[in-house]
Every structure is written in structure tokens, then in C-alpha cells.
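Enquirer: coords please:
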Amino acid sequence: MTLSRAKAGWILAFLVLMWGINWPLTKYALNYTPPLLFAGMRLLIAGLVLGIYAFPRYKTLQIRKTWYIYAISAVLNIIFFYGFQTLGLTEVPAGLFSSIVFLQPVLLGIGAWLWLGETMYAMKIIGLVLGFTGVATISIGGMTGKVSPEGVMLGLFSAISWTAGTIYMKKTSAKVDGIWMTAIPILIGGVILTLTGTATESWNAIQWVLPFVLDMLFISVFVIALGWLAFFKLVSSGEASKVGSFTFLIPLIALLCSVLFLGESITVNLIVGLIMIIASILLVNLKSKGSKVVKL
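Expert: Residues are numbered from 1 along each chain as shown. As a prediction, the model looks like this:
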């Protein structure tokens, strides 16, 4: 499947916006709910929405032939990714943890070169490193509070699982239906995280007020269901490393939303990081004629 440049641009813009505003929306929701139960509920709702939408295409599911693909994707992209994040954020300040997780585009660029046959050249290497540096620069303001080695490792595991899941998604995209590939792993992850939350947290701790319910429904439908569907379409139709480079914008969007809606302030780090991230995306996506291609 190949997307036109215009369509890919709109899908990318939607993805970055949704995944960016997810951070402040989730931060707000956690005032009303324990973390694991919230993670499980929003995944379950998202998976059910996608499942209902995909049901008329049930013949394309081919669960007997492709069950292992859905299972592996669920473990890497949902259970490990969200699970490591939930646990890690209790051990590491959010700013530092975000910068660790967004090492993912750099790892993805390397992985796509090694296992997907994508080209690697000097401008792309510099761009990926510059993008990560930009994210770290933006996030450095959050580096206060306790920092444990375990939390840092959980952040790294989250980035690695997302990288491996994206590469696996790209390699298997031709074997599965895109909507089912999004719905089934999210459903599996939702069930497991909800059961884990039920065993370790209390349902009575959830405050079922209208703002929380609306917040959770928005995240479930737009951020998770439509967001992961958009991510699958982009990764399966283009170079994974180039798609990954745009995810550097997600922490920036999150911080801008926090400035606008949560009263946080604009800092020099934010401005410098923004410049680095924009330069990074340009370097990764605009290959010059003189760029040296690195081959295996």
C-alpha cells in the first residue's frame, strides 16, 4: 500500500497531534484513577471500537494462520511498551523518562537499516542523533526528583520494545489486515493490563466524574484506536525510519499543550529543542545528492 504525499502528510499530522496531547490528557486523567486500570480500560475501549469497525472484514482475520503475528505485536507494541512506561514513571521524573523513551526513533533508524534494508547515510545519522538531543534538551527541565537505575532501564526497555514492535509490524504488514493488526494486539494488551490492575489496584479508587470519562473516551478512540491505525498505515507504506523521525515532535506537542492548558511556561530549552527537532526531521527526510549511503 502506497500513500500519496498529501495523504501521508495529513495522517502524520494527525498522529503527532494525537500522541502529543496524550501526555497532558493522561496526566489529567490520573488524578481520578489508578494507572494500570486506566491503561487497561482505555486499551479495551480502543480495541472494542476497532474490533466492531473491523468485524465486516472478519474473513481477512485468518486467525489460524496469523495468530502469532498478533500475539507478538501485542507483547512488543502494547504490553511491554505501556507496561514498562507505567512502572518506569514511578521511578524516574517524567522529563527524563520521556527523553529515554524517545531514543526509539534512533534505534528504529538503526534497526530499519539492519533488518528492513533501508538506506543509511550521514545526514540521516546526524538527523536522528540531533532529534534525540532535541528531545533530551526539551525534557531536561523535568529532571528533578528521584532517579533509580531500575527506572532508567524500564525507559530503555520501553524504547526497545517499541522499536522491535515497529520493525516487526513493518515486516509482517503484507500478511495481515491493517485494522485487525491494530485491533487484536490492543485488545490483548487491554485484557492483560486490566487484569493486572484489578489484581494490584482498587476499582473503588476510580472517580467516575464526567471530565474523566470524556478524557478516557477521547484517548481511547482518537489517541489509541485511530492513532495506532494511522501509525500502522504510515509504517507499512513508507520507510519506518522516516516515520519514526516525526515522532520526535510528540514530546514537543505535549509540552506546548501543557503550556496552553496546564499553565506551564515556555523555556529556552523548549525553543532550542524545537530548532533541533525541526533540523532533525529535515536531515532524515531530505537526502542530498552527495550523501554517502551506507550498505550492509
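Enquirer: all contacts plus neighbour counts: C-alpha atoms, from now on.
Expert: Fine.
Enquirer: what about the closest residue to residue 173 other than its chain neighbours, neighbour count?
Expert: Counting by Cα to Cα, 6 or more residues apart in numbering, residue 173 lies nearest to residue 236, which is 5.9 Å off, once chain neighbours are set aside. Using other Cα atoms under 10 Å, residue 236 has 22 other residues around it.
Enquirer: in which helix or strand would I find residue 236?
Expert: helix 227-237 (DSSP states H and E).
Enquirer: So which elements touch that helix?
Expert: On a contact count with 3 or more Cα pairs under 8 Å, 6 or more residues apart in numbering; DSSP states H and E, helix 227-237 meets helix 5-29, helix 149-172, helix 178-200, helix 240-246.
Enquirer: Kindly reformat those helices as CSV containing distance to residue 102.
Expert: Compiled in CSV, those are given as follows (distance: least, Cα to Cα, whole Å):
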stretch, distance to residue 102
helix 5-29, 12
helix 149-172, 7
helix 178-200, 21
helix 240-246, 10
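Enquirer: Deepest in the core, which of the ones you listed is it.
Expert: Mean neighbours per residue, mean count of other Cα atoms under 10 Å, is largest over those for helix 240-246, with a mean of 25.
Enquirer: what does it contact?
Expert: 12, 16, 104-106, 108-109, 112, 128, 131, 166-167, 170, 234-235, 280-281, 284-285 (Cα atoms under 8 Å, 6 or more residues apart in numbering).
Enquirer: The same query, at a cut-off of 6 Å, please.
Expert: 105, 108-109, 281 (Cα atoms under 6 Å, 6 or more residues apart in numbering).
Enquirer: Can you name the element that comes right after that helix?
Expert: That would be, after helix 240-246 and using DSSP H and E, helix 249-261.
Enquirer: Which strands and helices lie in contact with the following helix or strand past that following helix?
Expert: As assigned by DSSP H and E, the chain's next helix or strand after helix 249-261 is helix 268-285. Helix 268-285 sits against helix 122-139, with contacts defined as 3 or more Cα pairs under 6 Å, 6 or more residues apart in numbering; DSSP states H and E.
Enquirer: quick check: mean pLDDT across the helix it packs on?
Expert: Per-region confidence: helix 122-139 scores 79 on mean pLDDT.
Enquirer: quick one on the thing from earlier: would you mind extracting the C-alpha trace of the helix holding residue 236 into PDB?
Expert: Included here for helix 227-237 are C-alpha records, laid out as PDB according to Å, rounded to 0.1, in the frame of the first residue of the first chain:
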ATOM      1  CA  GLY A 227      -3.500   6.800  16.400                       C
ATOM      2  CA  TRP A 228      -2.200   3.200  16.200                       C
ATOM      3  CA  LEU A 229      -4.200   2.700  12.900                       C
ATOM      4  CA  ALA A 230      -2.500   5.800  11.500                       C
ATOM      5  CA  PHE A 231       0.900   4.600  12.700                       C
ATOM      6  CA  PHE A 232       0.400   1.100  11.100                       C
ATOM      7  CA  LYS A 233      -0.600   2.700   7.700                       C
ATOM      8  CA  LEU A 234       2.400   5.000   7.700                       C
ATOM      9  CA  VAL A 235       4.900   2.300   8.700                       C
ATOM     10  CA  SER A 236       3.600  -0.200   6.300                       C
ATOM     11  CA  SER A 237       3.500   2.200   3.400                       C
END
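Enquirer: rewinding a little: distance of the residue nearest to residue 173 relative to residue 195?
Expert: Distance, residue 236 to residue 195, using Cα to Cα, to the nearest Å: 31 Å.
Enquirer: before we move on, what about residue 279?
Expert: Distance check for residue 279 against residue 195: by Cα to Cα, it reads 43 Å.
Enquirer: and what of residue 165?
Expert: Counting by Cα to Cα, the separation of residue 165 from residue 195 is 23 Å.
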